[in-house]
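**Student:** quick one, what's the 3D model for this:
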Amino acid sequence: MSPVLKAVFFDYGGTLDANGVAWKERFATLYRRFGVHVSLEKFEQAFYRADDSLVEEANPSLTLEQVAQEQVRRVLTGLEIFGGDAIVTAQGRLFIIDLNAWPSFALFRQTAAAHISDHIAQRVETMRQTKELIDAR
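**Tutor:** The predicted structure follows:
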């Protein structure tokens with residue numbers, strides 16, 4: 001008796017679903033189009049950190065759309081972009097006006113302040129630990 005096929009794995013990282021264009025390049029193009037201009041190195045670090053953390057958590061209940069949204073949230077956090085203002089033209093083109101502008105958070109300022117301050121505290125702690133490691137050498 002031949003074995004029963006129990007699973008099929010598809011690589012949706014750009015190989016099968018995007019004519020060989022990796023998701024990192026596809027996302028980077030979209031970020032630039034929408035006004036997020038950072039170095040490729042900084043983008044790659046944020047992208048892979050977000051991607052790796054999603055793989056580690058492997059939440060099978062998330063839809064593809066939810067995974068993509070979470071990827072974007074984590075990349076933007078990694079790039080330290082927490083919000084901004086945009087204009088959408090009648091033709092549907094989006095233009096980023098500003099990023100991380102405090103007025104952007106007017107409707108949820110207290111929540112945003114807590115998340116941003118936690119992020120800054122984590123960054124400071126990481127820098128302190130790194131300095132201690134360097135000083136110990």
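
**Student:** which is the next helix or strand following the lowest-mean-pLDDT helix or strand in the chain?
**Tutor:** In the chain, no helix or strand scores lower on mean pLDDT, DSSP states H and E than strand 94-99, which sits at a mean of 68. Moving toward the C-terminus from strand 94-99, the next helix or strand (DSSP states H and E) is helix 109-136.

**Student:** quick one: that following helix to chain centroid distance?
**Tutor:** Centroid separation for helix 109-136 versus its chain: 18 Å, with C-alpha atoms, centre = their mean, to the nearest Å.

**Student:** which intervals of this structure have sub-threshold pLDDT?
**Tutor:** 1, 8-18, 82-84, 96-109, 112-113, 116-117, 120 (pLDDT under 70).

**Student:** one more time with 90, if that's ok
**Tutor:** Across the chain, residues meeting the criterion (pLDDT under 90) sit at 1-40, 51, 54-137.

**Student:** give me the most central residue, it.
**Tutor:** Nearest residue to the geometric centre of the chain (C-alpha atoms, centre = their mean): Val75, 1.6 Å.

**Student:** which helix or strand contains it?
**Tutor:** Going by DSSP H and E, Val75 is part of helix 64-78.

**Student:** packing partners of the following helix or strand past that helix?
**Tutor:** Using DSSP H and E, the helix or strand that follows helix 64-78 in sequence is strand 84-88. For strand 84-88, the elements it packs on are strand 94-99, judged by 3 or more C-beta pairs under 8 Å, 6 or more residues apart in numbering; DSSP states H and E. Heads up, the C-betas are built off the backbone N, CA and C, glycines and all.

**Student:** can you count the residues close to Phe43?
**Tutor:** If you count neighbours by other C-beta atoms under 10 Å, Phe43 ends up with 20.

**Student:** what sits closest to it if chain neighbours are left out?
**Tutor:** Nearest-residue entry for Phe43: Ala28, 5.5 Å, with adjacent residues in sequence omitted and distances by C-beta to C-beta, 6 or more residues apart in numbering.

**Student:** tell me the contacts of Leu40?
**Tutor:** The contact partners of Leu40, by C-beta atoms under 8 Å, 6 or more residues apart in numbering, come to Ala28.
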